[in-house]
Every structure is written in structure tokens, then in C-alpha cells.
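*Asks:* Please work out how this folds:
(chains A and B)
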Protein chains: 2
Amino acid sequence: MKSLIGKYPFEVETFQIDYTGGLSFGFLANKMLITAGNHADERGFGKARLSADGKTWVLSRLAIEIYEYPGEGDTYYVETWVESVNRLFTSRNFRVLSTDGRVIGYARTIWALIDVETRQPADLTTLYDGELASYSCDEECPIKGVSRARVTATEPSGEFMPLYCDIDYNGHLNSVKYIEHILNCLPLEIFRTHTIRRVEVSYSAECFYRESLAVYMDKKDDGHEYDVEIRKAGGEVACRAKIIFEASSVPSQGGVTRMPNE
Amino acid sequence: MKSLIGKYPFEVETFQIDYTGGLSFGFLANKMLITAGNHADERGFGKARLSADGKTWVLSRLAIEIYEYPGEGDTYYVETWVESVNRLFTSRNFRVLSTDGRVIGYARTIWALIDVETRQPADLTTLYDGELASYSCDEECPIKGVSRARVTATEPSGEFMPLYCDIDYNGHLNSVKYIEHILNCLPLEIFRTHTIRRVEVSYSAECFYRESLAVYMDKKDDGHEYDVEIRKAGGEVACRAKIIFEASSVPSQGGVTRMPNE
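*Replies:* Predicted coordinates:
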């Protein structure tokens, strides 16, 4: 049997850094989902085997905390493991390590498994004779799960439509793109003086190509925290999110005039 | 002295594939610019040394032809070399290889070197005692350079503003984002039945955070070719581009209902 915890190295490439010079949050979140897929594939409950059975994993909730962002060229590591398996949901946790092995972040995710045709959830405790549950691991993940933010804002902070570059092979808005479109609606200045400490997302509905979506935000804690909802035209909530910032020790030097390809 | 040609391996990760299931064009273009930076760094005329001297490379023109797109999980290789060095411009070419070493693409780029403060171009023939020129290499790159498309359209096909996730550390719209925003304005259906065979871009102006930009297109050759201009609010052309499609041998299966995280 494979080890319970998978560890995957990544390098921060040019174009993966954002305006502040640190690893772009969206890229980091993508790498976590990549490790989730690799870890599951390597243990026999990944995409390949499941799609052959007409099933697919659905990300339901996501909470990521990052205490230090790797810079361009830095190597970092994402570790992931299955925390628990219930009938309808399984929780998968993550730990992010710096080049020298320091813990610089954690994440918690909640997943369901559904039938691609019927959209009905599968019983995870009996999946492949309980194979999934056999990988449960009580490794520590000392961060809170997703909270239950409700947004009162009645005026959108921004609007967008998923376009060609937002959608995956599935034809839906990619999980991480929800986060990127939310970050796009925040005041740019905050990224220069603050870093994203924590992001929570509760996914409620799939979003489709060219569907009109609006981002509603409640600004809290003097602008260090934002409760967010992405709503569809009819008002249906596509996702609820919370973005928590922390003042940077050193203000970013980003935004000085440089050429696009530098 | 280092070899004239640099060769760099890449793997197509989940989330790097687009709606059609093939490597997303934007990711491929990014990888090419990454190899340009690595190749230059390794030979002593890269970002690190140049920025210390207050200079930076500016991408002026780009032409990419792709004949076959690697799929998810595939390894591919990007080779790059300096073709020629003149006083104001240097040309750098690229070759893309499949896992088994077949050529699946080529690219041509034209770069200038400018002073970060004065924005004045540097003389490339004398840079570091002609060091750059010593890397010129007459490896074959059998594709045409950038043509001179002019767009007559008076109505925009789309509009956008560079937002947080579009801008780099430099505070400008990333070179590849110009292309992605153009692709976002094309009819989605064409990506299901066609693949991008060739992209040309001529960069004329930097684009800034939340600047209003519009995409104008002339549809040609029965919709297989698009001449494009991204124009600023005042009408100034930010870039000229040409996108050439080729009918796919097999229509993509993309867009079947799948979950965002699959």
C-alpha cells in the first residue's frame, strides 16, 4: 500500500508570480488540486479509474492559509492526505513546505463523489470495498474549516462572464477561477501592502460559458477581511467565499514600471 | 561557452488544458517565454544581470505555429536559440518537440533591450562586448515572421480591462494575456471543431491596470483566420494580431458535462 501522505515538489515559474512578486494565489491553489488528483490517482481512486466507472470528484469546500509566499524560482512542496471518509463526503488536507522544509501553509478541502449522468452522490464508505477509507490519516492540520459567511451587499463589486480561457475541458468555470475573479474585484492597492493570509470557498453551483455572474462583497475588519458571494443573474449563489488579508512586513515593490515580458 | 541551443522539458498539468482537452495555447506561449528567460540567464544576458544594469528585454513581435497539441500528462520540449543580433533588435527562435521527439511547433520572436528609466533602446551589437552576438545560430526555423495585418472593423468584438490576475510584477498586462483576451473574444464553437494553427502578435503599447481595452476583429477565410487589433480608449493600437485556425481531424469531446475540479 502506498504511503498515506503524498509529497510533490513545485517551482515558482516566471508568470506564476503576481503583482506583488510572490507566487500567485491562484497558481498555488491549482497546485493543491493537482496534488489531490495525483495522490488519488496513485492510490487507485483517481480520475482515470473513476471516470471509467462514470463517477467524478466534486470539490465542495476549500480553506487555504498561507503564511509565507515562495518567490520566483523558489522550489516548494505540497503534501496531501485523506483525513476522513464519510458516506457522502471525504476531507483531504494539505501542508505547504518551503524549500528548506518549513511549513508555510495548510489547506482543508471537502469532496463528494457523484455519478456523471445522474449527478447522484456515491457512498464513499463502500467505494471499491472501502479502499478510500483505508487511506484515512490523522496527520495534524491546525486550521479551521470553512465558515458560514453571509453577504448583505446589494450592489455588486464586479461582474464577469466565464470566457474561453476560464473554462476547462468540462465546459465549466474552473474551481480556482472563482477565486481569481473574486481577487480581481478587490482594490489593487491592498495587494501591495497586504498578503492573502486565508481564503475560504463554499461551492454551491457550477458556472457556465458566458453566464452573467456578479461578485458581492461585505468589507469587514477595516478592509482586512471580505465576505463574498458570486451570484448568478437570477440571484442564485454560485459560491460563498471569505478572503482574509494580513499587513505585509515589507510593502511590495511591485508595480514599478517594468516591461510585460520581464 | 554554453551550447547555442537550449532545450527545456515541460509537462502538461491538469488546468493547463483548455476546453478542447489539449494544452492551452496561452500556457504554451508562457513556456516559450520562460525558456527565453532561462536560455538568456544561463548565457549571461538574462534578467538578473540586465536589471542590475538598469536594462530590460522587451518583446516586440511573436509568431507561433503549432501542428499538434500535447495532451494532459504529456511531456514536451521547447528548444530555443538566438537567430540574429542587430543594433536595435535580436531574433530568438523556438522549436517544440513531442515526447517522442517529433517537431510539433515553431516560433519566432523579436526583442529589443531598453533602459528601464529612459526607455531608450540599447545597442545590442556592443552589449557586453558583443557577447550576445556570439550566441547567434543559424538553426532552421521554417515559419514566416509576423505579417502586417490591418483591421477595418469599427465595432469591437469584445472589451476588457486588465485586472489583478492579468498583471505581472511589472504592473502591465502580461504579453501572453493579450493573446488570451483575444481568444476570449472568438466564438467558442470554433475551438471544438478547429485548433489554433498559428498566432502572430505585434506589440505596440503597454496596457495598464483597469485600462479600458477593446478587441477589433476582421474575420477572413470563412472564419478560419482573424486579423485583430486591441485598441485603447483613445483609439491607439496596443497590439496587432492574427489568429489562424485549422479544422481538427477529430472534433473535440470537450464541453461534455464534467465537474469544475475534474
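*Asks:* going forward, measure contacts and count neighbours with C-alpha atoms only.
*Replies:* Will do.
*Asks:* Might you report the residue contacts of the spatially closest residue to A:Arg240 that is not a sequence neighbour?
*Replies:* Take A:Arg240 and drop its neighbours on the chain: the residue closest to it by C-alpha to C-alpha, 6 or more residues apart in numbering or on different chains is A:Glu229, 4.5 Å away. Applying C-alpha atoms under 8 Å, 6 or more residues apart in numbering or on different chains, we find A:Glu229 in contact with A:150-151, A:215-217, A:237-241.
*Asks:* do the same with A:Ile34
*Replies:* A:Ile34 neighbours (C-alpha under 8 Å, 6+ apart): B:13-14.
*Asks:* Point me to the helix or strand that includes it.
*Replies:* Using DSSP states H and E, A:Ile34 sits in helix A:25-42.
*Asks:* name the helices or strands packed onto the next helix or strand after that helix?
*Replies:* Once helix A:25-42 ends, the next helix or strand along the chain (criterion: DSSP H and E) is helix A:47-52. Here helix A:47-52 touches helix A:25-42, strand A:55-66, going by 3 or more C-alpha pairs under 8 Å, 6 or more residues apart in numbering or on different chains; DSSP states H and E.
*Asks:* Mind pulling up the pLDDT for the closest residue to chain B within the stretch 1-150 of chain A?
*Replies:* For the stretch 1-150 of chain A, the residue closest to chain B is A:Tyr19, as judged by C-alpha to the nearest C-alpha, at 3.9 Å. pLDDT for A:Tyr19: 78.
*Asks:* now do A:Asp227
*Replies:* 97.
*Asks:* count of neighbours near it?
*Replies:* 21 (other C-alpha atoms under 10 Å in any protein chain shown).
*Asks:* Which residue comes closest to A:Met32 once chain neighbours are left out?
*Replies:* Closest to A:Met32 by C-alpha to C-alpha, 6+ apart is A:Val78, at 6.7 Å.
*Asks:* again with A:Leu50
*Replies:* In space, A:Leu50 is closest to A:Thr56, 6.1 Å off (C-alpha to C-alpha, 6+ apart).
*Asks:* Over to A:Tyr77?
*Replies:* Nearest one to A:Tyr77, counting by C-alpha to C-alpha, 6+ apart, is A:Pro9 at 4.4 Å.
*Asks:* Any stretches of chain A with poor pLDDT?
*Replies:* Along chain A, segments meeting pLDDT under 70 span A:250-262.
*Asks:* can you map out the strands along it?
*Replies:* A:6-11, A:55-66, A:75-85, A:90-97, A:103-115, A:158-160, A:194-203, A:213-220, A:225-232, A:237-247 (DSSP state E).
*Asks:* elements contacting the shortest one?
*Replies:* Packed against strand A:158-160, as judged by 3+ C-alpha pairs under 8 Å, 6+ apart, are the following elements: strand A:213-220.
*Asks:* Now do the strand it packs on: everything it contacts.
*Replies:* Contacts for strand A:213-220 (C-alpha under 8 Å, 6+ apart): A:151-161, A:182, A:185, A:225-233.
*Asks:* Show me which of those residues are buried.
*Replies:* A:151, A:157-161, A:182, A:185, A:225-232 (16 or more other C-alpha atoms under 10 Å in any protein chain shown).
*Asks:* that older thread, and the residue nearest to A:Met32, how many neighbours does it have?
*Replies:* Residues near A:Val78, counting by other C-alpha under 10 Å: 25.
*Asks:* The one 3 residues further on too?
*Replies:* Close neighbours of A:Trp81, defined as other C-alpha under 10 Å, add up to 24.
*Asks:* Nearest residue to the residue most central in space within chain A in space, please, no chain neighbours.
*Replies:* Centroid-nearest residue in chain A, with C-alpha atoms, centre = their mean: A:Ala29, separated by 4.4 Å. Counting by C-alpha to C-alpha, 6+ apart, A:Val176 is the residue found nearest to A:Ala29 once chain neighbours are left out, at 6.6 Å.
*Asks:* my guess is the one you found meets A:Leu28, correct?
*Replies:* No: counting by C-alpha atoms under 8 Å, A:Val176 sits too far from A:Leu28 to count as a contact (9.5 Å).
*Asks:* Which residues are in contact with A:Asp41?
*Replies:* A:47-49.
*Asks:* With A:Ser212 instead?
*Replies:* A:159-162, A:232-233.
*Asks:* Identify, from these, the entry nearest to chain B.
*Replies:* Closest to chain B, out of all of the contacts of A:Ser212 and judged by C-alpha to the nearest C-alpha, is A:Pro162, at 9.1 Å.
*Asks:* Could you check how far the closest one is from B:Ile143?
*Replies:* A:Pro162 is 34 Å from B:Ile143, where distance means C-alpha to C-alpha, to the nearest Å.
*Asks:* out of those two, which sits in the busier spot?
*Replies:* Comparing A:Pro162 with B:Ile143 by other C-alpha under 10 Å, the one with more neighbours is A:Pro162, at 22 against 15.
*Asks:* For the more buried one, what are phi and psi?
*Replies:* phi -60, psi 130 (degrees, to the nearest 10).
*Asks:* where does the stretch 51-200 of chain A come near chain B, residue by residue?
*Replies:* The stretch 51-200 of chain A has residues A:56-59, A:116, A:163-165, A:167-175, A:180-181, A:183-184, A:188 near chain B, with proximity defined as C-alpha under 8 Å from any C-alpha of the partner chain.
*Asks:* Could you pick out the buried ones from the residues you listed?
*Replies:* Of these, these count as buried by 16+ other C-alpha under 10 Å: A:56-59, A:116, A:163-165, A:167-175, A:180-181, A:183-184.
*Asks:* Could you tell me which of those belong to helices?
*Replies:* Among those, DSSP state H puts A:175, A:180-181, A:183-184 in helices.
*Asks:* Output those as JSON lines; include the columns distance to A:Tyr106.
*Replies:* Formatted as JSON lines, these follow (distance: C-alpha to C-alpha, whole Å):
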{"residue": "A:Ser175", "distance to A:Tyr106": "18"}
{"residue": "A:Glu180", "distance to A:Tyr106": "19"}
{"residue": "A:His181", "distance to A:Tyr106": "22"}
{"residue": "A:Leu183", "distance to A:Tyr106": "20"}
{"residue": "A:Asn184", "distance to A:Tyr106": "23"}
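*Asks:* Determine the number of other residues adjacent to A:Tyr106.
*Replies:* Using other C-alpha under 10 Å, the number of residues around A:Tyr106 comes to 24.
*Asks:* Contacts only, for it.
*Replies:* A:64-66, A:93-96, A:141-143.
*Asks:* Show me what it bridges to in the sheet.
*Replies:* Beta-bridge pairing of A:Tyr106 under DSSP bridges involves A:Glu65, A:Arg95.
*Asks:* ok, now the one 5 residues further on?
*Replies:* In this structure, A:Trp111 has beta-bridge partners A:Leu59, A:Thr90, where bridges are defined by DSSP bridges.
*Asks:* thought it was touching A:Leu62?
*Replies:* No: counting by C-alpha under 8 Å, A:Trp111 sits too far from A:Leu62 to count as a contact (9.2 Å).
*Asks:* Pick out whichever of these two has more residues nearby.
*Replies:* Ranked by neighbour count (other C-alpha under 10 Å), A:Trp111 and A:Leu62 place A:Leu62 first, with 23 against 18.
*Asks:* got a list of what the more buried one touches?
*Replies:* A:107-110, A:145-146, A:199-202.
*Asks:* That one - nearest residue in space that isn't next to it in sequence?
*Replies:* In space, and not counting its chain neighbours, A:Leu62 is closest to A:Thr109: 4.5 Å by C-alpha to C-alpha, 6+ apart.
*Asks:* All good on my end, thank you.
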